[in-house]
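A.B. asks: Have a look at this prediction, sequence included:
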Amino acid sequence: MSFADVNGARVWYEEEGSGPAVVFVHGGLGDSRLWEPQARALASRFRTIRYDLRFWGRTESPGVEASLLDDLVGLLDALDVDRAAVVGLSLGGGLALDAAVLRPERVWALAHVAGGISGSPFAPYTDDEDAAFTAAIERRDLDAAMAIDWVHWAPLGATDEIRELWLATPEAKGIPDGAGFREESVVDRLEDVRAPTLVVVASHDPDGLRELGATVARRVPGARLVELDSDHYLTLREPERLTGLLSEFLADAAAA
């Protein structure tokens, strides 16, 4: 476990194993622990790297506007990784797709897991839910905020592990003044992806997010689509099934 200086942030990361590099990017509802089962299992065949995004988990950042894509590339540079397979969950799935489109020279394979598409709006919450969530965060009622999230993202039930992961989010930790993200848009360029691509959707995810995954699978040349019987926490709900899919996919992509 280490820190790397990346674009003014102190980025926490952990790497294991050796071989072709695989970077795991977590989603918005937790930190890099979301990918711990898969990263550790695949370290027998690959150099696995997982990290906490800026403002999440153990990564430290001042309150600035930043690019998550620049941070990903900056971490690869800091670790002397020329090309990596990028495996992303949720927010991280969208970021992995951004990298495959906008920095294709750095990506040898793409796994888009319950992810979105930058530039394609997706709003699972009602206006009332948005207002209630914002009010709960402002009064620091984290239990109320979590309960709103679980309706959409953990309909199979929130475990103690899931609750602990939620506390690593910017909403729970607090966001520094001036913090923000520069957003990308790749929705019009999905056909430009040339890296081997695996798309995984969760059967209990919101319909709109499942549709975005299906769009990626349909428009990215040669992409494979797999559905798992899970809600949004599928790295924890179906760790062995997802690890097996990734192991097979990455082995084939590395050989190619």
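C.D. replies: Sure thing, it's come through. On a predicted model such as this, the values are computed, not experimentally measured, just so you know.
A.B. asks: Every contact and neighbour count from this point should use C-alpha atoms.
C.D. replies: Noted.
A.B. asks: mind checking which helix or strand E164 is in?
C.D. replies: helix 160-166 (DSSP states H and E).
A.B. asks: Pull out the buried residues from the helix or strand that comes right after that helix.
C.D. replies: Where DSSP H and E defines the elements, the next helix or strand beyond helix 160-166 is helix 170-173. With burial defined by 16 or more other CA atoms under 10 Å, the residues of helix 170-173 counted as buried are P170, E171, A172.
A.B. asks: how about the nearest residue to S203, chain neighbours excluded?
C.D. replies: With CA to CA, 6 or more residues apart in numbering as the criterion, S203 has its nearest non-adjacent residue at 5.1 Å, and that residue is D229.
A.B. asks: Does that neighbour touch A202 like I think?
C.D. replies: Yes - the criterion here is CA atoms under 8 Å, and D229 meets it with A202 at 6.0 Å.
A.B. asks: So those two - more neighbours on which side?
C.D. replies: A202 (22 against 12; other CA atoms under 10 Å).
A.B. asks: In contact with that one, which residues?
C.D. replies: Contact analysis of A202 by CA atoms under 8 Å, 6 or more residues apart in numbering lists A114, R210, E227, L228, D229, S230, D231, H232, L234.
A.B. asks: Mind telling me the two of the residues you listed farthest from one another?
C.D. replies: R210 and L234 (13.2 Å; CA to CA).
A.B. asks: out of those two, which sits in the more crowded spot?
C.D. replies: Each of R210 and L234 has its neighbours counted (other CA under 10 Å); L234 has more, 25 against 19.
A.B. asks: measure the more buried one to V200 for me?
C.D. replies: 10 Å (CA to CA, to the nearest Å).
A.B. asks: what do these two both touch?
C.D. replies: L228.
A.B. asks: I figured A84 hits G19, correct?
C.D. replies: No - when contacts are counted by CA under 8 Å, A84 is not listed as touching G19 (10.5 Å).
A.B. asks: what helix or strand is the residue lying closest to S185 once chain neighbours are set aside on?
C.D. replies: Using CA to CA, 6+ apart and skipping the chain neighbours, the partner closest in space to S185 is G119 (4.2 Å). Under DSSP H and E, no helix or strand contains G119.
A.B. asks: if I pick G119, what's in contact with it?
C.D. replies: Applying CA under 8 Å, 6+ apart, the residues near G119 are E184, S185, V186, V187.
A.B. asks: leaving aside the residues next to it on the chain, what's closest to the third one?
C.D. replies: Taking CA to CA, 6+ apart, and ignoring the residues beside it in sequence, V186 has S118 as its nearest neighbour in space, at 5.6 Å.
A.B. asks: before we move on, what about L236?
C.D. replies: L34 (7.0 Å).
A.B. asks: Name the SS class of the one you found, please.
C.D. replies: helix (DSSP: H, G, I helix; E, B strand; the rest coil).
A.B. asks: which stretches of this protein form helices?
C.D. replies: Assigned by DSSP state H, the helices in the chain fall at 36-42, 68-78, 91-102, 127-138, 142-153, 160-166, 170-173, 207-219, 234-237, 239-255.
A.B. asks: and the ones you listed as TSV, adding mean pLDDT and distance to W108?
C.D. replies: Output for these, formatted as TSV (pLDDT from 0 to 100; distance: least, CA to CA, whole Å):
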stretch	mean pLDDT	distance to W108
helix 36-42	97	16
helix 68-78	97	13
helix 91-102	98	8
helix 127-138	95	38
helix 142-153	96	30
helix 160-166	96	29
helix 170-173	93	30
helix 207-219	97	17
helix 234-237	97	22
helix 239-255	97	8
